[in-house]
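Student: Structural data only, the sequence is not supplied:
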């Protein structure tokens, strides 16, 4: 199985930005669709964004559309989530995952089990 490591989280004020990275050490991420998910305290994990492997089509949840951008960094073998104009509601632990066809992004991640440690994003004034 491909092991992914998330990084880049932190504490930011509302309106600020963060850049999350999802890196793979053992495989080339170009071969996979990759999704970003998040789980806020007391809430279910939800899909945030996904990028396909074939043509790099991107998908976003309605709550982040226009503020977040997912992309690939092929030099670093990583998938990046650029988060701008952050709000208090974006506070959560963010996870990335191999997501063939962006399947779990579309139907919900409840049945996905191979989560990493995630990275904490806290938006606070």
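Tutor: Nice, I can see it. Model, not experiment: these values are computed from the prediction.
Student: ends of stretch 76-96, how far apart?
Tutor: The separation between the terminal residues of stretch 76-96, taken as Cα to Cα, to the nearest Å, is 16 Å.
Student: Give me the distance from it to the chain's centre.
Tutor: Distance of stretch 76-96 from the chain centroid (Cα atoms, centre = their mean, to the nearest Å) equals 6 Å.
Student: pLDDT (mean, whole number) over that stretch?
Tutor: For stretch 76-96, mean pLDDT is 97.
Student: Check which residues of that stretch are buried.
Tutor: 77-81, 83, 86, 90-96 (16 or more other Cβ atoms under 10 Å). Every residue, glycine included, has its C-beta placed from N, CA and C.
Student: would you turn those into TSV with secondary structure and distance to residue 34?
Tutor: Formatted as TSV, those follow (DSSP: H, G, I helix; E, B strand; the rest coil; distance: Cβ to Cβ, whole Å):
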residue	secondary structure	distance to residue 34
77	coil	11
78	strand	9
79	strand	4
80	strand	10
81	strand	10
83	strand	16
86	coil	21
90	helix	19
91	coil	22
92	strand	18
93	strand	17
94	strand	13
95	strand	11
96	strand	6
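Student: and which of those residues is nearest to residue 109?
Tutor: residue 95 (8.3 Å; Cβ to Cβ).
Student: In contact with the residue found closest to residue 18 once you drop the neighbours it is linked to in the chain, which residues?
Tutor: Sequence neighbours aside, residue 83 is the residue nearest to residue 18 in space, at 4.9 Å (criterion: Cβ to Cβ, 6 or more residues apart in numbering). In this structure, residue 83 makes contact with 17-20, 64, 67-68, 90, 121, judged by Cβ atoms under 8 Å, 6 or more residues apart in numbering.
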